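> Have a look; sequence and predicted model below, questions after that.
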Amino acid sequence: MNGHSESHKPGIIISTDGISRFNSSNITVWPIVIALSNLPPKVRWNKDNLVVSSLWVAERKPPMTIFFAHLRNTLKYLSERGINLNTTEEIINLKFQPLFGSFDMVAKAPILNMNQFNGKYGCPSCLHPGVHTASRYYLPDTEYPIRTNDNNLQNAIEAEVKGTRINGIKGKSVLSGIVDLVNGVPLDYMHCVLEGVTKWMLDKWVSSLNHSCAYYIGRALGRLDAQLLDQCPPHDFSRAPRSIANHRKHWKASEFRNWLLYYSLPLLVSINMPPLYVHHFALLVCSIHILLQPKLTETQIKAAEEMLQDYYLLLPDLYGISSCTLNAHSLSHLSLYARIWGPLWVYSLFGFENLNGHLTSMITSKYKIAEQLSFSINICQSIVSHADKLVETENEETLTFISSLSSSLRQNKKMVLVFPGIYAAGVIKHASFTNEEEIVISHITAISTKDILIFHKLYLKETYILSTRYVGKRSSSVCSYKHNGTTHYGVVEKFCLSPPIALLKPFKVTRTSLLKESGNPCREKLQRYAQTDLLSVFFIPVQKTSLPLIAVPISNLVSKCVLINLKELNHSYVVVIPNLILSTTNFILNFSCELLHYSLLILPHNYHNIIFLSRIRTFRDNRVFVHYITLGSC
Ligand SMILES: [Zn+2]
């Protein structure tokens, strides 16, 4: 893979995004946030491990040259001279490698010092000029050359000399010399795919302006909503589904993600959306499922690339040229970044969202926002290094408050190891087998006593599978398991600790598929995809009623799944969650375990020590700019 950091250099990921806190005020807060790529993903975006390096508070967007100037110097220092970490045995000099920056389209253009998405040559990845009608559209008519770092640098020099724009480039970027200006600025799927294309499509389908179009589903919106609100997603989905008709405009990116990956296709098929549009949309759903896997192979990237290309090619035909926005065009570049940096979640802005939410919650008044934030950030960033002392001296109430500021202070509840990586959680209590349970367990193991220990919460691969006891508006009891080398699906009734067994009711997989239920798309290209059953890997059709109870060794459980059960469909669908195993994969983890452990445990603490509020610079018009990282303390 290109773009690896040197094995001894922790990689730095840079991000910035505007946050609005008050509806009544135009003030936005822009933090520059740094993440360390060498931390496993599960802890990489933990707010304790994200470093706010600069803060801009103003009604206007930050001028990027000023905003990034201090960070540029710091990154140069960190990559050339590094910081010294004192261990008990030696002093280790740790140099950092800036890898890439994650930004939305709005921030990316000024950071790259190029035209916005509505300007000519507004694509940061290729030289598509776009055509201007009512707005700028990027039609899939011709393939244009991919930009390169060298060409962008040359364009910038020429643009500055001539005082004009060359290939959309206005001048030197604040990131030049720090990261590659094309490969090092990957596409963020949260904005591009979810809040971009997915939202655009849903709006298009239900807007009454399109009532005469074949894809219009506004007349079935009531049925669609009723079935959507009936769904019981797993407990770790941040939100239960909200109405499309009433709340779509306020949906968060995670709601668009759940809509795209889990609900959309079964729901669209259930209300008989014309097959042509369902099959076309399935290309987007399927390719994003693939690109969100924990790891990617070239075969997977190639498959997703073809689907996205075909999706993009058919867009103007199915939805008119206004569908060819820069976001839609950018889908054709997702594979480029997947080849360099891996799956989409690696460089999505989702990781930074938690911190943005946390920063927002720190603002209590619209006055002196920068001061409020810098005070709170200072406390939160230094609290980690004082955690041990605080536990000794503070009372429980204070510790509860502090733990809300720092997730690293939260105690993990006690869990009992069942198998490596699999734990029994929650209450474990004595119970007796029923006759039925005794019979099914005797099929796989001999049992000597009726008195057993049972539990209802199992920790598996970074997530919890909860028995049907916990099913309400949420359900985390559907899972996949291996039996005789093949994957099956079922719903867990309870877990038994000894022998370690899950008692579950399996689903019978049926021979149909979502695309078959939808009908014939009458387009050769889409028919070809339907024949390969592209969706059956991600949407498994099962009979609505589960089969009688069976016993499965807990070590055979594979992963939690989502069950989509719709009144208007003949089958239910088990949807595989694309990734849950984040902490065991890392796209650039060339570290020895020792050093990884070292950077995990020691680096955040020491790193926090070199960060302090150095300077608040107030401009005459009340813009406030705060620098955090100060080289003097390194
Ligand atoms: Zn492009």
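Here it is on my side, so go on.
> How about K252, nearest residue that isn't a chain neighbour?
The shortest distance from K252 to any non-neighbouring residue, by Cβ to Cβ, 6 or more residues apart in numbering, is to R239 (7.0 Å). Yep, even glycine has a C-beta here, placed from its N, CA and C like the rest.
> Contacts only, for L504.
479, 481, 490-493, 549-550, 552 (Cβ atoms under 8 Å, 6 or more residues apart in numbering).
> Go again with 10 Å.
440, 465, 467-468, 477-479, 481, 488-495, 546-547, 549-552, 557 (Cβ atoms under 10 Å, 6 or more residues apart in numbering).
> Domains in the chain, by residue range?
Annotated domains of the chain cover 11-113+173-180+348-385+587-633, 189-346, 422-460+463-507+546-576 [automatic domain parsing].
> Quick one, which of the contacts of L504 are buried?
440, 465, 467-468, 477-479, 481, 488-495, 546, 549-552, 557 (16 or more other Cβ atoms under 10 Å).
> Which parts of the stretch 201-350 of the chain are helices?
With DSSP state H, counting those that start in this stretch, the ranges of helices along the stretch 201-350 of the chain come out as 221-229, 244-247, 253-258, 264-270, 275-291, 298-319, 326-330, 334-341, 350-362.
> Looking at the protein, which residue reaches furthest from the middle?
For the chain, the largest distance from the centre (Cα atoms, centre = their mean) belongs to S448, which lies 47.0 Å off.
> Are we agreed that it is in a helix?
No. Secondary structure of S448 (DSSP: H, G, I helix; E, B strand; the rest coil): coil, not part of a helix.
> circling back to that earlier point, so which of the helices of the stretch 201-350 of the chain comes closest to the ion?
Checking the helices of the stretch 201-350 of the chain against the ion by Cβ to the ion gives helix 326-330 as the closest, at 5.5 Å.
> now for that closest one, which elements pack on it?
helix 105-112, strand 136-137, helix 199-206, helix 298-319 (3 or more Cβ pairs under 10 Å, 6 or more residues apart in numbering; DSSP states H and E).
> Could you export those as JSON lines, including distance to the ion and mean neighbour count?
Converted to JSON lines, these look like this (distance: least, Cβ to the ion, whole Å; neighbours: other Cβ atoms under 10 Å):
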{"stretch": "helix 105-112", "distance to the ion": "12", "mean neighbour count": "21"}
{"stretch": "strand 136-137", "distance to the ion": "12", "mean neighbour count": "20"}
{"stretch": "helix 199-206", "distance to the ion": "17", "mean neighbour count": "19"}
{"stretch": "helix 298-319", "distance to the ion": "10", "mean neighbour count": "18"}
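> what about K482, which SS state?
Of the three states, K482 takes strand under three-state DSSP.
> need the contact list for the closest residue to it other than its chain neighbours.
Once flanking residues are discounted, K482 sits nearest to N556: 4.8 Å by Cβ to Cβ, 6+ apart. Contact analysis of N556 by Cβ under 10 Å, 6+ apart lists 444, 480-483, 488, 501-502.
> One more pass at 8 Å, please.
N556 neighbours (Cβ under 8 Å, 6+ apart): 481-483.
> for it, phi and psi?
Dihedral angles of N556 (phi, psi; degrees, to the nearest 10) stand at phi -90, psi -10.
> hang on, the earlier thing: which pLDDT value belongs to the residue farthest from the centre of the chain?
pLDDT recorded at S448 is 72.
> Wait, a strand at V558?
Yes. Membership of V558 in a strand is supported by three-state DSSP.
> Count residues in the vicinity of the nearest residue to it once chain neighbours are set aside, would you?
With sequence-adjacent residues excluded and distances taken as Cβ to Cβ, 6+ apart, V558 is closest to S480, at 4.4 Å. Neighbours of S480 under the rule other Cβ atoms under 10 Å: 18.
> Let me know the next secondary structure element after the strand of greatest length in the chain.
Of all the elements of type strand in the chain, the one with the most residues (DSSP state E) is strand 486-496. Using DSSP states H and E, the helix or strand that follows strand 486-496 in sequence is strand 501-506.
> That next one: how far from the chain's middle?
31 Å (Cα atoms, centre = their mean, to the nearest Å).
> How about that strand, which residues are buried there?
Within strand 501-506, the residues scored as buried using 16+ other Cβ under 10 Å are 501-506.
> remind me which residues of the protein are low pLDDT?
Along the chain, the parts satisfying pLDDT under 70 run over 1-8, 24, 86-87, 379-395, 397-413, 580-634.
> interface residues of it facing the ion?
Contact residues, the chain versus the ion (Cβ under 5 Å from the ion): 123, 125-126, 128.
> Output these in a markdown table; the columns should cover neighbour count and secondary structure.
Below are these laid out as a markdown table (neighbours: other Cβ atoms under 10 Å; DSSP: H, G, I helix; E, B strand; the rest coil):
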| residue | neighbour count | secondary structure |
| --- | --- | --- |
| C123 | 23 | coil |
| S125 | 21 | coil |
| C126 | 19 | strand |
| H128 | 24 | coil |
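> how about the strands in the stretch 351-500 of the chain?
416-419, 422-425, 429-432, 451-455, 457-460, 463-466, 478-483, 486-496 (DSSP state E, counting those that start in this stretch).
> Mind putting these into CSV with distance to E371?
Supplementary listing: the strands of the stretch 351-500 of the chain in CSV, determined by distance: least, Cβ to Cβ, whole Å:
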stretch, distance to E371
strand 416-419, 48
strand 422-425, 42
strand 429-432, 52
strand 451-455, 49
strand 457-460, 42
strand 463-466, 40
strand 478-483, 49
strand 486-496, 51
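> Out of the ones you listed, which is closest to S135?
Nearest to S135, of all the strands of the stretch 351-500 of the chain, is strand 463-466, at 41.7 Å by Cβ to Cβ.
> Now tell me what touches the closest one from outside.
Contact with strand 463-466 is made by 234-236, 425, 456-458, 475-477, 479, 492, 557, 560, 580, as judged by Cβ under 8 Å, 6+ apart.
> Just the buried ones from those, in PyMOL syntax?
A single PyMOL command selects the buried members of the contacts of strand 463-466 (16+ other Cβ under 10 Å):
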select buried, resi 234+425+456+457+458+475+476+477+479+492+557+560
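> OK, contacts around N354?
Going by Cβ under 8 Å, 6+ apart, N354 touches 45-47.
> Pipe the residues you listed into TSV and attach neighbour count and secondary structure per row.
Formatted as TSV, these follow (neighbours: other Cβ under 10 Å; three-state DSSP):
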residue	neighbour count	secondary structure
W45	21	coil
N46	17	coil
K47	20	helix
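> Closest to L315 out of those residues?
Nearest to L315 out of the contacts of N354 is W45 (Cβ to Cβ; 32.4 Å).
> list the contacts for the closest one?
Counted by Cβ under 8 Å, 6+ apart, W45 has contacts 35, 350-352, 354-355.
> at 7 Å instead, please
35, 351-352, 354 (Cβ atoms under 7 Å, 6 or more residues apart in numbering).
> cool, and T510?
So T510 contacts 541-543, 571 (Cβ under 7 Å, 6+ apart).
> What sits closest to it if chain neighbours are left out?
Closest to T510 by Cβ to Cβ, 6+ apart is P541, at 4.7 Å.
> helices or strands up against the helix or strand encompassing that neighbour?
Assigned by DSSP H and E, P541 belongs to strand 539-542. Identification of packing neighbours for strand 539-542 by 3 or more Cβ pairs under 7 Å, 6 or more residues apart in numbering; DSSP states H and E yields strand 572-576.
> from the middle of its chain, how far away would the strand it packs on be?
That offset, for strand 572-576, works out to 20 Å (Cα atoms, centre = their mean).
> For that strand, give me every contacting residue.
Strand 572-576 is contacted from outside by 262, 266, 478, 489, 507, 514, 538-542, 544, 561-565, using Cβ under 7 Å, 6+ apart.
> Name whatever forms a beta bridge with V52.
With DSSP bridges as the criterion, V52 is bridged to V33.
> how many neighbours does the closest residue to the ion within the stretch 451-600 of the chain have?
Nearest residue of the stretch 451-600 of the chain to the ion (Cβ to the ion) works out as K525 at 21.9 Å. Residues within reach of K525, counting by other Cβ under 10 Å, total 13.
> tell me the SS of it?
With three-state DSSP as the basis, K525 sits in helix.
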